[in-house]
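Participant: Give the three-dimensional model of this entry:
(2 chains)
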Amino acid sequence: MSLAHAIQTMIARNTEKVREINRRYARPRLVMSPAVRWSLLCLRFYLLFLVGLLAYKFITLVVH
Amino acid sequence: MNWVTKFYYQARRVWKAIGVYLVIAGPGLVVMVADNDAGGITTYAATGAKYGYSLIWFLVLLGPVAYYVQEMTVRLGAVTKRGHAEAIFEGFGSFWGWFSLLDLILVDWLTLVTEFIGMTAALKIFGVPGWVTVSAVCALMGFMVLNGRYWTWEKVALIFCALNLIYIPAAFLVHPSVKDVIGEGLIPHFQGGFNGQMFFFLMANIGTTIAPWMLFFQQSSVVDKGLKEKDIGFGKLDTIIGAVATVVVAVFIVIVTGTVLNGVDIDDAAQASKLLMESHHYAGEFMAIGLFDAGLLGAICISLASSWAFGEIFGWAHSLNNKIKEAPWFYLNYFITLISAGAVVLIPGAPLVLITLFVQVVAVTLLPAALVFLILLLNDKKTMGEYANTKTQNVINIAIVAVIIALSTLYGISTLFPDMFG
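Facilitator: Here you go, the predicted structure:
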C-alpha cells in the first residue's frame, strides 16, 4: 500500500469518525431553558468580541 | 474503662478515614499544586519583587476561589463518570463541543511550551543544556505513563508535588521578618494605591489561579481514578488540601522575592533565581529547582488533559490503566503533544516570548466558556440529582466565575494592548 493511499484512508476514516461524533451529539442533552439559552448567547457575543479584538490587533500590526 | 473503649473506637474511625482519604487523594492535590506551574511561579516571584509582602492577603483569598471552582469538577466527574470535554459535547451539542476541544488542544499545547521554557531556563542555571532537559523530561514522563497504572502515575506526581514545597525552606534561608510578613501581608491594602499596574498584577495572579486545563484535567482524573458519588466528600477534602498547598507555596515565593528583591522588576522566575543567587546562593538554587518542578508538574497534567479529552470524544481507550497496546491513540496523542512542545523550545530563534504572551490571549477564549458550561452542567438536576449546585453554591460560584471571567479577560486584552493599564 502506497503512502498516499494510507494517508487517504486515514483521512477518510477520521472524516467518518467526525461525522459520527456530530451525529451522536447533534441534539444537546441539556434542557435549553431561558437561562441556558441566554448564557450561550452571551458566550457567542463574548467570543465574537474577542475575535474582533484579535482581528483589530492583527490589522493594526500589519498596517503599522 | 468506658472512655478507653470510646477513645479506641474513635481513633480507629479516624485512622480508617485517613486510610480511605489516602486512597482517594490525588486528583485535587495534583491539580492544585500543578496550578503553580512555571507561569505561576513567575507571576508570584514578580508580585513579591514588585510589591513586597503587601499582596499576600490577596493570594490567600485566591485559595477558596480555586477550591470552589475545582470542587465542581469533582462532583461532575464522580456523578457522570465523564470528562469535561465529553460532558460539554453531550450537554451542549457538537458546536460547543468542538469549540472547547480544539481550543483546549491549542491552549494546552501553548501552555506546555511555556512549561518547557520554564524547565530549560531553570536547569540552564545549573549548566544543563536545553536538549538534555527536554529529552530527560520526555523520558521521565514517558516512564510515568507507560507502566500502565493510574496509581503509579499519581504517586510519582505526588512526589513532585511535595518537591514544590521547596519554597518554604528557601523562605527561611532569606530570614524574613515574621512581624513584617504578618503586618504588611495579612492586612488587606494596596501598597502605593490602586493603579493600573497594581490592577495588572491582580489580574495576572487571578489568571494563574484558574486555567482551562485544570477543569478538564481534574474531571478526567476523577473519572480515570474511578471515584464514585460516595467518594465526593473525600474528593472535596483532597481539593481543599490542594488549595491550601497552592496558596502556601505562592505565599512563600512572595516572601522570598519580597525579602530579597523588593523593588526589582522581574521578567521571569529564572531571572529571579539568578538575582537571588547573588546574595543567597541556596535560596536562588531552591528557587530554580522549584521552577523546574513547577514546569514539570504543569507538563505532567497538561499533556494528559489533552489526551484524555481527545480519547473521550473519539471513543479511544483513554485510561492510564491501559497498556500502550490497548490505548495506542491515547498514548500517541500524549507523546505527540509532549515531544512537539519540547522541540519548539529547542528551535533556535523560536518566538518563545510571543508564545508566552499568546497563551494568555487564547486562554481567555476558552476559560469563560468552560466555566459557564461547568455551572450549567452542575445545575442539571436530572443528571446531578442531590449533587447539583444548591442555591448558596450557585451564588458563590456564579460570583466567582463572573469575577474570574472579567479579570482574566482584561488580563488577556492587556496582553494584546500592553499600554491599557499604564
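
Participant: residue contacts, B:Gly185?
Facilitator: B:Tyr53, B:Ser54, B:Leu55, B:Ile56, B:Trp57, B:Val251, B:Val254 (CB atoms under 8 Å, 6 or more residues apart in numbering or on different chains). Every residue, glycine included, has its C-beta placed from N, CA and C.

Participant: next one: B:Val113
Facilitator: B:Ala341, B:Val344, B:Val345, B:Leu352, B:Ile355 are the contacts of B:Val113 under CB under 8 Å, 6+ apart.

Participant: For the chain, give the helix that spans the most residues.
Facilitator: Answering for chain A, as no chain was given. Ranked by number of residues, the top helix in chain A under DSSP state H is helix A:34-63.

Participant: Chain B was what I was after
Facilitator: Chain B, longest helix under DSSP H: helix B:281-314.

Participant: So for it, mean pLDDT?
Facilitator: Mean pLDDT, computed over helix B:281-314, is 91.

Participant: Centre of the chain to that helix, how far?
Facilitator: 8 Å (CA atoms, centre = their mean, to the nearest Å).

Participant: For that helix, buried residues please.
Facilitator: Buried residues in helix B:281-314, defined by neighbour count with 16 or more other CB atoms under 10 Å in any protein chain shown: B:283-314.

Participant: Is it in proximity to chain A?
Facilitator: Yes - judged by CB under 8 Å from any CB of the partner chain, helix B:281-314 comes into contact with chain A at B:Ile313, B:Phe314.

Participant: what does the stretch 201-350 of chain B have sitting close to chain A?
Facilitator: Checking the stretch 201-350 of chain B against chain A by CB under 8 Å from any CB, the hits are B:Ile313, B:Phe314.

Participant: which parts of chain A sit against chain B?
Facilitator: A:17, A:21-22, A:25-31, A:35-36, A:39-40, A:42-43, A:46-47, A:50, A:53-54, A:57.

Participant: One more pass at 10 Å, please.
Facilitator: Residues of chain A found near chain B (CB under 10 Å from any CB of the partner chain) are A:14, A:17-18, A:20-33, A:35-36, A:39-40, A:42-44, A:46-47, A:49-51, A:53-54, A:56-58, A:60.

Participant: measure B:Met13 to B:Trp3 for me?
Facilitator: No Met there; residue B:13 is Arg. 15 Å (CB to CB, to the nearest Å).

Participant: That should have said B:Gly83, apologies.
Facilitator: Distance from B:Gly83 to B:Trp3, by CB to CB: 49 Å.

Participant: related to what we said a few turns ago, so which of the contacts of B:Val113 is the most crowded?
Facilitator: Neighbour tally across the contacts of B:Val113 (other CB atoms under 10 Å in any protein chain shown): the maximum, 25 neighbours, falls on B:Ala341.

Participant: Work out for me the element it sits within.
Facilitator: helix B:328-346 (DSSP states H and E).

Participant: what does B:Ile18 give?
Facilitator: Using DSSP H and E, B:Ile18 falls in helix B:2-24.

Participant: contact partners of that helix?
Facilitator: For helix B:2-24, the external contacting residues (CB atoms under 10 Å, 6 or more residues apart in numbering or on different chains) are B:25, B:151, B:222, B:225-228, B:230-235, B:237-238, B:241.

Participant: which of the residues in it are buried?
Facilitator: Neighbour count says helix B:2-24 has B:Tyr21, B:Ile24 buried, by 16+ other CB under 10 Å.

Participant: Can you verify my assumption that B:Glu57 contacts B:His189?
Facilitator: That one is not Glu; residue B:57 is Trp. Yes - between B:Trp57 and B:His189 a contact is recorded at 8.0 Å, counting by CB atoms under 10 Å.

Participant: neighbour count winner among these two?
Facilitator: Applying other CB under 10 Å to B:Trp57 and B:His189 shows that B:Trp57 carries more neighbours, namely 15 against 12.

Participant: which residues sit in contact with that one?
Facilitator: B:Glu184, B:Gly185, B:Leu186, B:Ile187, B:Pro188, B:His189, B:Val251.

Participant: where in chain B is pLDDT low?
Facilitator: The model of chain B has pLDDT under 70 over residues B:1, B:148, B:421-422.

Participant: Apply 50 and report the result again.
Facilitator: By pLDDT under 50, chain B has no low-scoring segment.

Participant: number of nearby residues for A:His64?
Facilitator: Neighbours of A:His64 using other CB under 10 Å come to 5.

Participant: pLDDT wise, what is it at?
Facilitator: Reported pLDDT for A:His64: 72.

Participant: any idea how far it is from B:Phe417?
Facilitator: 13 Å.

Participant: And B:Val395, by the same measure?
Facilitator: 33 Å.

Participant: Low-confidence stretches in chain A?
Facilitator: Checking chain A against pLDDT under 50 turns up nothing.

Participant: quick revisit: just the ones of the contacts of B:Trp57 in helices?
Facilitator: B:Glu184, B:Gly185, B:Val251.

Participant: follow-up on the earlier one: narrow the contacts of B:Trp57 to just the buried residues.
Facilitator: So, by 16+ other CB under 10 Å, the buried ones in these are B:Glu184, B:Gly185, B:Val251.

Participant: Out of those, the closest to B:Phe116 would be?
Facilitator: B:Val251 (26.5 Å; CB to CB).
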